[in-house]
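Peer 1: Sequence first, predicted coordinates after that:
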Amino acid sequence: MADIINLVNAESKLETMRHSASHVLAEAVLSIFPDAKFGIGPAIEDGFYYDFDLPRSLTPDDLPVIEEKMGEIIKADLPFTHKEITKAEAKKLFASQPYKLELIDEIPDDKVGIYEQGGFVDLCRGPHVNSTGEIKAFKLSNIAGAYWRGNERFPMLQRIYGTAFTSQKELDEHLTRIEEAKKRDHRKLGKELDLFLTPDEIGGGLVIYTPKGGRIRAVIEEFWRQEHFANGYEILYTPHIGLSKLWETSGHLDFYQENMYSPIDIEGQEYYLKPMNCPFHMLAYKSRTRSYRDLPLRWAELGTVYRYERSGVLLGLLRVRGFTQDDAHIICTPEQMNSELSEVLRFSLHMWRVFGFQKYRVFLSTRPEKSIGTDQMWQDAENALRRVIDENELEYEVDEGGGVFYGPKIDLKIEDAIKREWQMTTIQFDFNLPERFDLVYIGADGQEHRPYMIHRALLGSWDRFFGLLIEHYAGAFPAWLAPVQVNVIPVADRHLEHARKLEKEMRNLGIRVEVDDRSERMNLKIRQAQLDKIPYMVIIGDKEVADNSVSVRRRSGEQLPTQPLAGFLETLTKEIADKV
RNA sequence: GCCCACAUAGCUCAGUCGGUAGAGCACAUUCUUGGUAAGAAUGGGGUCAUCGGUUCGAAUCCGAUUGUGGGCUCCA
């Protein structure tokens, strides 16, 4: 127990120091730009920032200058002094600081807190460290534009990001972690391992999967299909475009148009690229009379959708304009809703485990401003989602107003190997589409009833999932996913014939195998396979040809004892089947 | 979209003060047949992102456009 409290203290102490560092940053900026206007300067997850309105744009060259100034302030060990003053006094004090005046106006109390160190006074609730000397190790990382209050109708300020730690060692470790993260960046690895391309020629946010990436995708899609069939799903295929009338019916043109591309004219009719797959599934449901005996229907699709994203938000595979959702719609009776929701959640967590992800956070998103449906419907749906989370004994956080226009949702943020979180899974209540498409089923009473619908994407989108997967494994995919599982390396050309025989044998077992048949030295081929992160290298020389054995090297560098071919194939096929 | 930075060979990058293009890897050919992370030689490959301006002369300076990166907002 004591440990936990200490940990919390340590955390808030670090936060306090970072917050103080942001004040030191502000003082340094003030000394360089006496006319600077100040926004806010909080501590954040990995450090701190401060927003400024400055007479000129900052460039990266400014950072070392500011850092040096900060160093001087810290070395001078200036005390932080705290005062409570009246609002009227504060307004006088910050008369030339429009952003601070705005903040003062919004503080409900009569008194406001100010902190002063050196020549810099800031409106601030604190707390702070006693003096600037307590800031032990800091670094400014980058400059960025940021709208005042995060709203693009307000002026854009210049934000300086930095971080601070209680020792140089911890700061260095932090910087090393950032370097490590860069090494496993999926954009870098995607290029190095030849998994996918985002060529300038096709436009931003559009992706080409090359053969190795395509192989992985095919393996995952195959697994995904098997799992879905095994869990009572059927698979649909639907077109990429549809008539404007369809999107009017679905409500997308009313509520989602800002994310949709301009229509395509075909023989005088307007068609839209699909931003979602749902309307097609609705039509499939409506194609015949449905009985309560048919429900639940679980219809899945790997559907490629196109959404307008502002150029500035595009990011490798993680944020694109054309992506393939692992989508599904579950249409059920009200009575089935709970168990279906619960089952979707279980299925989702199962899938994540298979791919090596153990940690996640659950978010419940409630009614947004722009939405359809009655308060009662939203209330009921939110309660249903809460119940399912509770039944599964999961902790969750509420994202007020974070729902989609057609219903509340549960999102899962998945934690990767280096503890970053990604929003992937979404399980959404949808009471819009059954209504709009007038979906009905015939109940046991012979009357028409309105079904409920769940809209879900387990992995989220194939593209984002793949980006995450690359970073999670740092490109070293487990054997079941690796595009090439075995690289056969003949020591000399005379061993090539035997290597070909092995290749054929492994291929017959469904193993993804390649022979490095170049007239190069074995060392080079091993190095190459190592760089390609191929799980197994099978070296074939005179000894192996003579007794049909294999010398196996793992990409970890570990060398397995020479063994009979049959034994190796058995352990390998088992490893692949076990998905470890 | 907005703020800042960047864009040179397939990849990673160098290119000083403005004087007309370089390396390594990759690729091709040849030699080499080597036992657990790089054998050697030779060769091909660039409208220096695009368009415009300044200049006797632009990869280099200026502007615009496109794309990329770091952020803001949004999101699977």
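Peer 2: Yes, it's here. It should be emphasised that the depicted structure is a prediction, and the values quoted were computed from it without experimental measurement.
Peer 1: where along the stretch 1-150 of chain A do the helices fall?
Peer 2: A:2-32, A:62-75, A:87-93, A:98-106 (DSSP state H, counting those that start in this stretch).
Peer 1: So for residue A:355, which of the ones you listed sits nearest?
Peer 2: Between residue A:355 and those, the tightest spacing by C-beta to C-beta is seen for helix A:2-32, at 30.5 Å. For every residue, glycine as well, the C-beta is placed using N, CA and C.
Peer 1: RNA strand B is nearest to which of the helices of the stretch 1-150 of chain A?
Peer 2: Taking C-beta to the nearest atom of the strand, helix A:62-75 is the member of the helices of the stretch 1-150 of chain A nearest to RNA strand B, at 9.1 Å.
Peer 1: Briefly note if the closest one comes near RNA strand B.
Peer 2: No: judged by C-beta under 7 Å from any atom of the strand, helix A:62-75 stays clear of RNA strand B, getting no closer than 9.1 Å.
Peer 1: how does chain A divide up, domain by domain?
Peer 2: By the assignment in automatic domain parsing, chain A contains the domains A:2-177, A:191-238+A:274-472, A:486-577.
Peer 1: Adding distance to residue A:247, mean neighbour count and mean pLDDT as columns, could you present those in a markdown table?
Peer 2: Supplementary listing: the domains of chain A in a markdown table, determined by distance: least, C-beta to C-beta, whole Å; neighbours: other C-beta atoms under 10 Å; pLDDT from 0 to 100:
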| stretch | distance to residue A:247 | mean neighbour count | mean pLDDT |
| --- | --- | --- | --- |
| domain A:2-177 | 27 | 16 | 88 |
| domain A:191-238+A:274-472 | 7 | 18 | 92 |
| domain A:486-577 | 42 | 16 | 95 |
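Peer 1: ok, back up a step: closest one to residue A:403 among the helices of the stretch 1-150 of chain A?
Peer 2: helix A:98-106 (27.1 Å).
Peer 1: does the closest one come close to RNA strand B?
Peer 2: No: using C-beta under 7 Å from any atom of the strand, helix A:98-106 never reaches RNA strand B; the gap is at least 14.3 Å.
Peer 1: What lies in contact with that helix?
Peer 2: Here helix A:98-106 makes contact (C-beta atoms under 8 Å, 6 or more residues apart in numbering) with A:37-40, A:53, A:87, A:90-91, A:94-95, A:112, A:123, A:148.
Peer 1: Enumerate the residues of the stretch 451-580 of chain A near RNA strand B.
Peer 2: Proximity of the stretch 451-580 of chain A to RNA strand B, by C-beta under 7 Å from any atom of the strand, involves residues A:457, A:460-461, A:463-464, A:491-494, A:519-524, A:526-527, A:530-531, A:537, A:539, A:541-544, A:551, A:553, A:557, A:559, A:562.
Peer 1: List the ones among those that fall in helices.
Peer 2: Mapping these onto helices (DSSP state H) picks out A:463, A:464, A:522, A:523, A:524, A:526, A:527, A:530, A:531, A:542, A:543, A:544.
Peer 1: For RNA strand B, what's its nearest residue on the stretch 401-550 of chain A.
Peer 2: At 2.1 Å from RNA strand B, residue A:541 is the closest residue in the stretch 401-550 of chain A, using C-beta to the nearest atom of the strand.
Peer 1: coming back round to it: can you say which two of the contacts of helix A:98-106 are spatially most distant?
Peer 2: Across these (C-beta to C-beta), the longest gap, 22.3 Å, separates A:53 and A:87.
Peer 1: all strands for the stretch 401-550 of chain A, in order.
Peer 2: Per DSSP state E, counting those that start in this stretch, the stretch 401-550 of chain A carries strands over the ranges A:409-415, A:421-429, A:441-442, A:448-449, A:452-461, A:486-490, A:513-515, A:536-540, A:549-554.
Peer 1: Out of the ones you listed, flag the one nearest residue A:308.
Peer 2: Among these, the nearest to residue A:308 by C-beta to C-beta is strand A:452-461 (15.5 Å).
Peer 1: ok, residues contacting that closest one?
Peer 2: Applying C-beta under 8 Å, 6+ apart, the contact partners of strand A:452-461 are A:224, A:278, A:323-334, A:336-337, A:340-341, A:344, A:347-348, A:351, A:407, A:423-431, A:433-434, A:439, A:465.
Peer 1: Determine the angle, from 0 to 180 degrees, between that strand and strand A:409-415.
Peer 2: Interaxial angle of strand A:452-461 relative to strand A:409-415 (axes from the mean of the first three to the mean of the last three C-alpha atoms, to 10 degrees): 20 degrees.
Peer 1: mind saving the C-alpha coords of strand A:452-461 as CSV?
Peer 2: Taking Å, rounded to 0.1, in the frame of the first residue of the first chain, the C-alpha atoms of strand A:452-461 are listed here in CSV:
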residue,chain,number,x,y,z
TYR,A,452,-31.9,-3.9,-33.0
MET,A,453,-28.6,-3.5,-34.7
ILE,A,454,-25.0,-3.6,-33.6
HIS,A,455,-22.3,-2.2,-35.8
ARG,A,456,-18.8,-3.4,-35.0
ALA,A,457,-15.3,-3.5,-36.3
LEU,A,458,-13.1,-5.8,-34.2
LEU,A,459,-9.6,-5.0,-35.4
GLY,A,460,-10.9,-1.6,-36.5
SER,A,461,-9.4,-1.3,-40.0
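Peer 1: Could you pull out the helices in the stretch 251-400 of chain A for me?
Peer 2: Under DSSP H, counting those that start in this stretch, the stretch 251-400 of chain A gives helices at A:252-255, A:278-286, A:337-354, A:375-391.
Peer 1: Go ahead and confirm the residue of the stretch 401-550 of chain A closest to RNA strand B touches residue A:550.
Peer 2: No: using C-beta atoms under 8 Å, residue A:541 is not in contact with residue A:550, being 10.4 Å away.
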